[in-house]
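Novice: pasting the sequence and the predicted model now:
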Amino acid sequence: MREYKPTRSELLLVRKNLAIAKNGHQLLKRRQDGLIAKFFSMLDETRESRDELRKRLKLAEESIAIAVAIEGIFTVRSAAFTRHESPAVEVSEKSIMGITVPVVSAENIRKRIDQRGFGIIGTSHRIGEAAKAYEELMEAVIKVSEMEAVIKKLLDDIEGTRRRVNALEFNIIPQLESVERSITMRLEEMERENIFRLKRFKNLAEATA
Amino acid sequence: MSNGASLHNYAYACTRVRAKKTRMLKDDDYMRLASMDLDSVARYMGESEYREEIAELARDISGVNLIEGATDMNLASTYLNVMKLFNGNDRAMLGYYLNELELHNLKTIIRGKFRNVDNDDIMSNLIPGGDFTGRYLNLWKAASDIPELLRALEGTRYHKDLTLAIGPDPYIKSTASIEDTLDKRYYAHVLDSIRDMGSGTKLFRSFIKREIDIRNVITLLRVKFAFDTEKVELSPDLIFIPGGQELDVDVLKRLYAITNRRQLLSDLEKYSFGYIISEKSGEALEVDRPTDIITSLEAHHRKSTGSFATRNPLSILPVIHYLMLKKNEVFNLRLIARGKERGLSPDKIRELIIT
């Protein structure tokens, strides 16, 4: 912090800075509270999505295990030859409380039965179910990846805001208050000295008169 | 049974098949196998009816692939051995019916060629035995795409069906319609093969027609319970096999037009398999998938074939029923081996075992 001269103009400047710092602290504190509330509401949602992802992963693994076990690995691999489109994953951005967060969207994940590429009469429903389970798993993965990226961004911002709030609360504002106090005291001291000096001048003037 | 020769043929074949049936694995065996580890399952199979295939394939493959390869090979040789029990028309009729393994391999080749899959990769996914791993091996390997495959198979029994399945459009967008047409041609061939064989084939025809019904209902349910079903662009003429016993294509088209699943299931209840639909429809609607209905319909077809076979001991049905049971045995062994490899619990494996 720079050196302050004990002048009235400096006192006014310090008071102005202190008011700005207090105002900023209040705003940042409110932002921090808002971000924390958003974080916790998203945390619950992300936890649910993660649980859903785990459930879907288990289902997908079981579905493919059943398809391979009943239909045989050759039949399942043969059906996999028909896969012809990879899902197109796109990442864009949106703003949550001024923070830029990613939005992950994907196309061609869930396929209709007529889009899978294999015949419906001869291909077992178990293979169709395994394909469906993996499509649903992929959707869940994309949803969770977006939510976790948002959560991480929120956490980074909360941390940054917390550091700024603490800096204001425990460093800048106390320092400014201390400077304000010392300038005020110095100014008062100077005021008293001035009065004393004036009185002395007055007494000297009366004595010589 | 059209004549004395056929009757004699059936009597001989059914006796042989009965003997083969006694050597099949029982439900208790599956339950025991489900509790064993994979090595014990392989050891058990090496000492069973599958020992020859295990010994033959053990040089090239091992573990669970060995079990699957051996069971597929055993099934193919069972089909051949059963066919050898018959002569003339009966043999031709069975030949068409047992051609499904070839059909499976042809579909794998078509899928592979369409997606430019390496020949070795296609080969490693063909079921051992039959024309495509035998005499036509070099023909399909030389083809680089589907039109070339079509030209390569000229002169073989698959050329006509494949020509029909591919159609005149030179730009093939998907193999799905080719596969569905081939599946429909498969049943058309089976029905054609018995058209001129007289009344002796009545039971077999009826069996095939019931099978067509079941397959059509399964297709119908799969489409109607599929994701975004209202947007599905599948022509009923493409996906339904003509020639069913209770449901002809017109009935199926009417059912296909029903958009309300509850209404569809209720309409299906009036057919001979309707008791399954009424039993399982509530759950299917609740979980939004028809898996249980489909599994029960398949079981119903096996059981009804078994009862027809018992009522007609001197017909082709006991043989067909044996082949169905044999296929189940192979499926169950594969289920146990692959289920263990993939970490399914013994209870889950027991639940999935086809009885």
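Specialist: Ah, there it is.
Novice: in the chain, where is pLDDT below threshold?
Specialist: I went with chain A, as the question did not name one. Low-confidence segments of chain A (pLDDT under 70): A:1.
Novice: meant chain B, my bad for not saying
Specialist: B:1-8, B:129, B:170, B:196-200.
Novice: phi first, then psi, for the one residue in chain A that gets nearest to chain B.
Specialist: Proximity of chain A to chain B (C-beta to the nearest C-beta) peaks at A:G119, 2.8 Å away. For the C-beta atoms, the positions are set from N, CA and C on the backbone; glycine is no exception. Here is the backbone geometry of A:G119 (degrees, to the nearest 10): phi -60, psi 150.
Novice: pretty sure it is touching B:S174, no?
Specialist: No: applying C-beta atoms under 8 Å as the test, A:G119 and B:S174 come out as separate, 9.3 Å apart.
Novice: SS state for A:A106?
Specialist: Under the three-state scheme (DSSP: H, G, I helix; E, B strand; the rest coil), A:A106 adopts strand.
Novice: quick one on the thing from earlier: quick check: closest non-adjacent residue to the residue of chain A closest to chain B.
Specialist: Distances taken as C-beta to C-beta, 6 or more residues apart in numbering or on different chains place B:E179 nearest to A:G119, at 2.8 Å, with adjacent residues excluded.
Novice: now do the contacts for that neighbour.
Specialist: A:118-119, A:121-123, B:107, B:110, B:165 (C-beta atoms under 8 Å, 6 or more residues apart in numbering or on different chains).
Novice: B:L297: which of those is nearest?
Specialist: A:I121 (14.5 Å; C-beta to C-beta).
Novice: make sure B:R59 is indeed in a helix.
Specialist: No: according to three-state DSSP, B:R59 belongs to no helix; its state is coil.
Novice: phi, psi for it please.
Specialist: The phi/psi pair for B:R59 (degrees, to the nearest 10) reads phi -70, psi -40.
Novice: higher neighbour count, A:G119 and B:S174?
Specialist: Neighbour tally, A:G119 and B:S174, criterion other C-beta atoms under 10 Å in any protein chain shown: the higher count belongs to A:G119, 27 against 16.
Novice: roughly how far does the more buried one sit from B:R185?
Specialist: Noted for A:G119: a distance of 12 Å to B:R185, by C-beta to C-beta, to the nearest Å.
Novice: and what of B:P168?
Specialist: 17 Å.
Novice: out of those two, which sits in the busier spot?
Specialist: B:R185 (19 against 5).
Novice: tell me the centre residue of chain A?
Specialist: By C-alpha atoms, centre = their mean, chain A has its centre lying nearest to A:L154, at 1.1 Å.
Novice: which of the three states applies to it?
Specialist: From three-state DSSP, the assignment for A:L154 is helix.
Novice: identify the residues contacting it.
Specialist: With C-beta under 8 Å, 6+ apart, A:L154 has these contacts: A:35, A:38-39, A:42, A:96, A:99, A:101.
Novice: repeat for B:F204
Specialist: Contacts for B:F204 (C-beta under 8 Å, 6+ apart) come out as B:93, B:194, B:315-317, B:320.
Novice: okay, and it sits in which element?
Specialist: Assigned by DSSP states H and E, B:F204 falls within helix B:202-224.
Novice: go on, B:T295?
Specialist: Element membership of B:T295, judged by DSSP H and E, is helix B:291-311.
Novice: touching chain A at all, the helix or strand just after that helix?
Specialist: Later in the chain than helix B:291-311, the nearest helix or strand by DSSP H and E is helix B:317-341. Yes: Helix B:317-341 lies within reach of chain A by C-beta under 8 Å from any C-beta of the partner chain, at B:331, B:334-339.
Novice: how distant is whatever helix or strand comes next after helix B:317-341 from the center of its chain?
Specialist: Next in sequence after helix B:317-341, counting helices and strands by DSSP H and E, comes helix B:346-352. Chain-centre distance of helix B:346-352: 22 Å, with C-alpha atoms, centre = their mean, to the nearest Å.
Novice: number of residues surrounding A:R50?
Specialist: For A:R50, using other C-beta under 10 Å, the count is 15.
Novice: surely it and A:V144 touch.
Specialist: Yes: the criterion here is C-beta under 8 Å, and A:R50 meets it with A:V144 at 5.8 Å.
Novice: sorry, back to before: that's a helix at the residue nearest to A:G119, yeah?
Specialist: Yes: B:E179: assigned to a helix according to three-state DSSP.
Novice: next up, the contacts around B:T133.
Specialist: Applying C-beta under 8 Å, 6+ apart, the residues near B:T133 are B:105, B:123, B:126-127.
Novice: likewise B:R350?
Specialist: Applying C-beta under 8 Å, 6+ apart, we find B:R350 in contact with B:30-31, B:34.
Novice: repeat for A:S145
Specialist: A:S145 makes contacts with A:V104, as judged by C-beta under 8 Å, 6+ apart.
Novice: next secondary structure after the helix or strand harbouring it?
Specialist: For A:S145, the host element (DSSP H and E) is helix A:125-167. Beyond helix A:125-167 on the C-terminal side, the first helix or strand identified by DSSP H and E is helix A:173-208.
Novice: for that next one, packing partners?
Specialist: Under the contact criterion of 3 or more C-beta pairs under 8 Å, 6 or more residues apart in numbering or on different chains; DSSP states H and E, helix A:173-208 touches helix A:8-71.
Novice: tell me which parts of the stretch 151-300 of chain B are close to chain A?
Specialist: B:174-180, B:182-184, B:215, B:218-219, B:222-223, B:226-229, B:231-234, B:239, B:241, B:289-291, B:294.
Novice: residue of the stretch 151-300 of chain B with the smallest distance to chain A?
Specialist: Residue of the stretch 151-300 of chain B nearest chain A, by C-beta to the nearest C-beta: B:E179 (2.8 Å).
Novice: which SS class is B:S174?
Specialist: coil.
Novice: contact partners for it?
Specialist: By C-beta under 8 Å, 6+ apart, the residues touching B:S174 are A:82, A:84, A:117.
Novice: could you rerun that using 6 Å?
Specialist: A:G117 (C-beta atoms under 6 Å, 6 or more residues apart in numbering or on different chains).
Novice: hmm, what's the outermost residue in chain A?
Specialist: The C-alpha centroid of chain A is most remote from A:A209, which lies 77.4 Å away (C-alpha atoms, centre = their mean).
Novice: for the stretch 1-150 of chain B, which segments count as helices?
Specialist: With helices called from DSSP state H, counting those that start in this stretch, the stretch 1-150 of chain B shows them at B:4-22, B:27-35, B:38-46, B:51-57, B:63-84, B:88-97, B:100-114, B:119-123, B:137-142, B:146-152.
Novice: as TSV, those with mean neighbour count would be great.
Specialist: Formatted as TSV, these follow (neighbours: other C-beta atoms under 10 Å in any protein chain shown):
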stretch	mean neighbour count
helix B:4-22	15
helix B:27-35	16
helix B:38-46	16
helix B:51-57	16
helix B:63-84	20
helix B:88-97	18
helix B:100-114	23
helix B:119-123	15
helix B:137-142	16
helix B:146-152	17
